[in-house]
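Engineer: Next input, structure requested:
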Amino acid sequence: MADIPFWSAENLNLSIGRQVIFDQASVAVMEGERLALVGRNGTGKSTLLKIIAGLEKPASGDIHIRNGLRTAFMTQDVDFITTKSIREVLKEGLSYFEALLDEYATVSQNSPRHGEIEHILTSCNAWSLENKLDTALEKLDLKKLENTPFAKLSGGEKRRVILGRAIIGEPDLLLLDEPTNHLDVTTIGYIEDYLKNFRGACLLVTHDRFFLDRIADRIIELENGRFFSCTGSYADFLAAKAEARHAEDQEVSRREKFLRREIEWVRRSPKARLKRNMGRIRRFDELSAIQAPVRTGDSELVIPEPERLGNKVVDFENVTLSFGERKILNGFNFEFTSGHKVGIIGANGAGKTTMLKLLTGELLPDSGNIKIAETVRFNYIDQRRLELDEDKTVYDEVAGGVDVIPLGREHISVRAYLKRFLFEDERINGKVKYLSGGEKARLLLAKVLKRGGNFLILDEPTNDLDLPTLRVLEEALAEFNSTLIVVSHDRYFLNRVCNHIIAFEEIAPGVTVPLSTPGDYDYFLSVRDRLVEAQRSKLPQSKKVEAVPEVKKNIPVKTQPKKLSYREQQELLHIEDNIAAAEAALEKIESRFSEPDFFVRHAKDMPEFEAELAAAKAEVERLYARWDELEQLRNNC
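Structural biologist: The predicted structure is shown next:
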């Protein structure tokens, strides 16, 4: 990487009201680097991106920009008003190449500019902009929707379009503000692959730690108006930050010891008033004027102690649900138990939110039963954030007309409760509409968590939350001793919180099924292919992904059906009992994985347990396959 800045700033200053955004801050984005910007919600991360994009200006500071630098900015706000279609919005990102093509048609073939434009268009594969559009639409899974009005899209679909508009023009500097919010794992994977091969520089704001570690080669944090920089992974950043704070604390301790000694000297020694000692007194004044580093405390997410649940909580029994010809669930069986922390993943629109609506009674199944124990009290955090009233103050939004909040056996004032979620007095008294997206997410958590409940349902809870708040949320949910469902695409979050995964996977074109496995997200990935293959084997022959090889006409085909042998007849007679026994053995092993502290108690023995689980599942699948084979032989007799 060349040590040349694309964009740099020194002595930046900016305040909004009493909040200091930049305080004599300096920062630079180097050529070719992948830079991640982190910091608490409301510290000014999006403001910095807007300044770099030329949309805002600081109060003061020296900014240096490389001549001819082209930037593209993906904002968090995707709900702008337009009548354009997806294709038309995406095409807006090609304006640079459109201008080059127009110039190429008019410039002299003998001029240096002609060769320069030709090189750019060739290297960026931009001679046919329609082909470039088609490629982007395919990779973002938007081809079938390309003529759909942008205004009619879901939040996740809008983000894909805005992302595509930013990257399609292949800028020198790409600015991405929370690019993975509301996107499924497949689309996030596409973004990761794109950014790995991106030739320019990239500055991104993200809370997705997997995404951050895979993309960023340097991390900068904006805190209290200044930037802290660290090369390496997020773990490297946390270690460097802890080391820097330790060094600051040691310096503060040394300064305080010196000041205590000097104060004692001034009080007890007449020599302190002599003229030759005035320099020592000035040194004392200088050091006493230095303020200790300002530290932002961690939020304290408070989840009230849940009411006790019985052994059975919610039971899905052979549940089927369809929308038109699209089948969301087909004979789905699953039992939620106390201590179950289930992560639900899948592509946008696959059926994750639909399952939550079935669970809470907002939707009824076409067939089957959903049994809910009488002791269950749901607490549902909706990803759409519709529960916030923009015109209310933060205080009124949480208080609901009372000044004290009951938290289990304790009571706490609304103001003290909000301060645990890092809302200071100015924010507490301000209106919700003036909060950042991350602050609104934090407010929603504060509002909903105070309701308690012994069955928490969190639909995309990590969107817009800053990394420190995410860590605290993970710790609170890990200690929550009741039942939890999390719909999320945050892989790191799923690993830290969940002990079971339900994944909506497409096993054939137009066929999506929920796959269930105990363990965290990494374990699911390790068995995903086998689970998908097992489901594909159950599909009707016409729907299977693999093509059936043609039988050549010149090869004779046996017409005489094979009969069951006596041993095979006996095997078929007892195979249902064998399957029942194998499934019981599998259920016993899976129940161990569902224990709340299983992964803590058996961390060292996980390879053996996973091998035992895989063998039990393989045996069940083998018996079912053998049953099908024997039944076909019997039917052919």
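Engineer: CA atoms for contacts and neighbours, from now on please.
Structural biologist: OK.
Engineer: Relative to Tyr395, how far out is the closest residue to Phe211 other than its chain neighbours?
Structural biologist: Counting by Cα to Cα, 6 or more residues apart in numbering, Glu192 is the residue found nearest to Phe211 once chain neighbours are left out, at 7.1 Å. Going from Glu192 to Tyr395 by Cα to Cα, to the nearest Å gives 40 Å.
Engineer: more neighbours, the two?
Structural biologist: Between Glu192 and Tyr395, Tyr395 has the larger neighbour count (other Cα atoms under 10 Å), namely 23 against 17.
Engineer: Settle this for me: the residue nearest to Phe211 is touching Ile215, isn't it.
Structural biologist: Yes. Between Glu192 and Ile215 there is a contact under Cα atoms under 8 Å: 6.7 Å.
Engineer: so where's this structure shaky on pLDDT?
Structural biologist: Flagging of the chain using pLDDT under 70 yields the residue ranges 1-3, 255, 258-259, 262-300, 382-387, 408, 541-566, 593-607, 610, 635-637.
Engineer: Grab the most central residue of it for me.
Structural biologist: Among the residues of the chain, Asp490 comes closest to the average C-alpha position under Cα atoms, centre = their mean, at 3.3 Å.
Engineer: That one: what's it in contact with?
Structural biologist: Applying Cα atoms under 8 Å, 6 or more residues apart in numbering to Asp490 gives the contacts 208-210, 462.
Engineer: Max pairwise distance over the residues you listed: which two?
Structural biologist: Phe210 and Thr462 (13.1 Å; Cα to Cα).
Engineer: Those two: who's more crowded?
Structural biologist: Neighbour count, other Cα under 10 Å: between Phe210 and Thr462, Thr462 has more, with 27 against 14.
Engineer: Would you confirm that the more buried one contacts Arg471?
Structural biologist: No. Between Thr462 and Arg471 there is no contact under Cα under 8 Å: 10.2 Å.
Engineer: What ranges does the stretch 301-450 of the chain have for its helices?
Structural biologist: Along the stretch 301-450 of the chain, counting by DSSP state H, counting those that start in this stretch, helices occupy 352-359, 394-399, 414-420, 425-429, 437-449.
Engineer: for the last one, packing partners?
Structural biologist: Which is helix 437-449. Contact analysis of helix 437-449 by 3 or more Cα pairs under 8 Å, 6 or more residues apart in numbering; DSSP states H and E lists strand 378-381, helix 394-399 as its packing neighbours.
Engineer: what about 10 Å?
Structural biologist: With contacts defined as 3 or more Cα pairs under 10 Å, 6 or more residues apart in numbering; DSSP states H and E, the packing partners of helix 437-449 are strand 378-381, helix 394-399, helix 414-420, strand 455-459, helix 467-479.
Engineer: Also the fourth one?
Structural biologist: When contacts are defined as 3+ Cα pairs under 10 Å, 6+ apart, helix 425-429 sits against helix 394-399, helix 414-420.
Engineer: Would you mind pulling the contact partners of the first one?
Structural biologist: Surrounding helix 394-399, the residues in contact under the criterion Cα atoms under 10 Å, 6 or more residues apart in numbering are 387-393, 401-403, 405, 413-415, 417-418, 423, 425-435, 440, 443-444, 446-448, 450.
Engineer: of those residues, buried ones?
Structural biologist: 388, 393, 405, 414-415, 417-418, 423, 427-428, 430-432, 435, 440, 443-444, 446-448, 450 (16 or more other Cα atoms under 10 Å).
Engineer: Kindly provide the distance from Leu137 to Val78.
Structural biologist: Shown here: Leu137 relative to Val78, a distance of 18 Å by Cα to Cα.
Engineer: Then Leu309?
Structural biologist: Distance of Leu309 to Val78, given as Cα to Cα: 41 Å.
Engineer: Next: Lys371.
Structural biologist: Lys371 sits 39 Å away from Val78, going by Cα to Cα.
Engineer: what do you get for Asp396?
Structural biologist: From Asp396 over to Val78 (counting by Cα to Cα), the distance is 28 Å.
Engineer: can you check Leu222 too?
Structural biologist: 24 Å.
Engineer: Show me the contacts of Asp490 that map onto helices.
Structural biologist: 209-210 (DSSP state H).
Engineer: Glu621: which of the contacts of Asp490 is nearest?
Structural biologist: Among the contacts of Asp490, Phe210 lies closest to Glu621 (Cα to Cα), at 33.0 Å.
Engineer: Which helix or strand contains the residue nearest to that closest one when sequence neighbours are not counted?
Structural biologist: With Cα to Cα, 6+ apart as the criterion, Phe210 has its nearest non-adjacent residue at 6.1 Å, and that residue is Tyr492. If you go by DSSP states H and E, Tyr492 is part of helix 491-497.
Engineer: residues of that helix that come out buried?
Structural biologist: Of the residues in helix 491-497, those buried (16+ other Cα under 10 Å) are 491-495, 497.
Engineer: swap in stretch 229-242?
Structural biologist: Using 16+ other Cα under 10 Å as the test for burial, stretch 229-242 gives 229-230, 233-234, 237, 240-241.
Engineer: do stretch 316-331 as well
Structural biologist: 316-321, 328-330.
Engineer: ok, now stretch 303-315?
Structural biologist: 303-304, 306, 309, 313-315.
Engineer: out of those residues, who's nearest Leu49?
Structural biologist: Distances from Leu49 to the buried residues of stretch 303-315, taken by Cα to Cα, are shortest for Ile303, at 34.6 Å.
Engineer: Which residue is the nearest non-sequential neighbour of the closest one?
Structural biologist: Closest residue to Ile303 apart from its sequence neighbours, by Cα to Cα, 6+ apart: Leu449 at 5.7 Å.
Engineer: Check Leu175 too.
Structural biologist: Leu175 sits nearest to Phe73 (Cα to Cα, 6+ apart), 4.7 Å away.
Engineer: so the one you found sits in a strand?
Structural biologist: Yes. Under DSSP: H, G, I helix; E, B strand; the rest coil, Phe73 sits within a strand.
Engineer: Can you get me a residue count around it?
Structural biologist: Phe73 has 22 neighbours, counted by other Cα under 10 Å.
Engineer: Using the three-state scheme, assign Arg180.
Structural biologist: One thing to correct before we go on: residue 180 is Thr, not Arg. coil.
Engineer: contacting residues for it?
Structural biologist: Thr180 touches 156, 159-160, 163, 187-189, 191-192, 205-208, 211, 463, 489-490, counting by Cα under 10 Å, 6+ apart.
Engineer: Can you tell me which of the buried residues of stretch 316-331 lies closest to Phe609?
Structural biologist: Of all these, Phe609 sits closest to Phe316, with 26.6 Å by Cα to Cα.
Engineer: shouldn't the closest one be in contact with Phe336?
Structural biologist: Yes. With contact defined as Cα atoms under 10 Å, Phe316 reaches Phe336; the gap is 8.4 Å.
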